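Chemist: What follows is a protein structure lacking sequence information:
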């Protein structure tokens, strides 16, 4: 079989998360119309079956593709933004193929390329795919910076034109001509994730360039994210949908308590008795914002807005967990948290797992008296 990592790059709102969800067939990444929705690297695992050679031969796995969704490439204005770009660089350290997503409905700005400048300038550290020393770059445009990233790669790079269902077909050729004058892409594949147009071709072309290897994840696993992180993201998605322009970028969600539901008894029911209720999961989460005014917006008059956020999130989380849910939300003001390195790093689910593991090791048994 073949296996490998495929990094998904693009500007904000290029449709990266929508494409990832369409490819996996699962709700792996949250989606909203607001830019900078994705803040972390998110892996989605796709098993590609091989077409059997004969009617009696069972289908075998031809490949396991690990798609790695990354935050949208944008000019950084805070430590959170710089951390998001670091997620992009780290995704490029381990990759066998890269997809560059370009929104077919948006005008491309590639008049100038990003130029290296001094370390003391206001650029952002740019890591090469080979792990070379980070450089500082002057952003001529975000599209220019994105193309500067892929010029350093030594793996196949595909151009994926997204949202093609929203533009006339004769619009695509001039766009392709503009983009290919700046980079020699291994493949050019137009897709519509919403209509699943072009996805089969994309997967087939990716499999062709992947190396032979073993499965990285169990066959039935479709993401690397723990449930705690996915729950926090679903709550944040509801904030993005339910609030205006100011709050979403200044909001973060941290799961404070996650009490998993006890399994339902598998004893047979008596004839005519009501079916047992689904088990109940209890979750408490803190929504962080930066100012008192943002807190007021999140809570709303009489708590109405927070209730709307909780109701919308509850439906998604119950679908994810397959249980009933008791969800408790509260809002905390953490001034300028986006510029706090310690706070931003604490939001990374990998760091959260390390802390949880440490807490479990040092936790004293509750049934013993001192």
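Modeler: Yes, it's here. This structure is a prediction, so every number in the text was calculated from the model and none was measured. Residues are numbered from 1 along each chain as shown.

Chemist: and stretch 246-264, average pLDDT?
Modeler: Mean pLDDT, computed over stretch 246-264, is 85.

Chemist: So which bits of it are buried?
Modeler: In terms of neighbour count (16 or more other C-beta atoms under 10 Å), stretch 246-264 has its buried residues at 247, 248, 249, 250, 251, 252, 253, 254, 255, 258, 261. C-betas here are computed from N, CA, C, even on glycine.

Chemist: Quick check: the gap between the first one and residue 236.
Modeler: To tie it back to what came earlier, the one meant is residue 247. 11 Å (C-beta to C-beta, to the nearest Å).

Chemist: One more: the fourth one?
Modeler: Going from residue 250 to residue 236 by C-beta to C-beta gives 12 Å.

Chemist: Check the fifth one too.
Modeler: Applying C-beta to C-beta, one obtains 7 Å for the distance of residue 251 from residue 236.

Chemist: burial measure for residue 206, as a count.
Modeler: 25 (other C-beta atoms under 10 Å).

Chemist: Confirm it sits in a helix?
Modeler: Yes: under DSSP: H, G, I helix; E, B strand; the rest coil, residue 206 falls within a helix.

Chemist: That one contacts residue 97, doesn't it?
Modeler: Yes: assessed by C-beta atoms under 8 Å, residue 206 is found in contact with residue 97 at 5.8 Å.

Chemist: Now do the shared contacts for these two.
Modeler: Shared contacts of residue 206 and residue 97, defined by C-beta atoms under 8 Å, 6 or more residues apart in numbering, are found at 6, 158.

Chemist: Return the set of buried residues in stretch 333-347.
Modeler: 337, 338, 343, 344, 347.

Chemist: Contact partners for the fourth one?
Modeler: Pointing back at residue 344 there. 79, 80, 83, 337, 338.

Chemist: which SS state does it fall under?
Modeler: Strictly by three-state DSSP, residue 344 counts as helix.

Chemist: Excluding chain neighbours, what is closest to residue 223?
Modeler: In space, and not counting its chain neighbours, residue 223 is closest to residue 28: 4.9 Å by C-beta to C-beta, 6 or more residues apart in numbering.

Chemist: looking at this, that neighbour is in a strand?
Modeler: No: Residue 28 is assigned coil when assessed by three-state DSSP, not a strand.

Chemist: Is it correct that it is in contact with residue 22?
Modeler: No: using C-beta under 8 Å, residue 28 is not in contact with residue 22; the gap is 10.0 Å.
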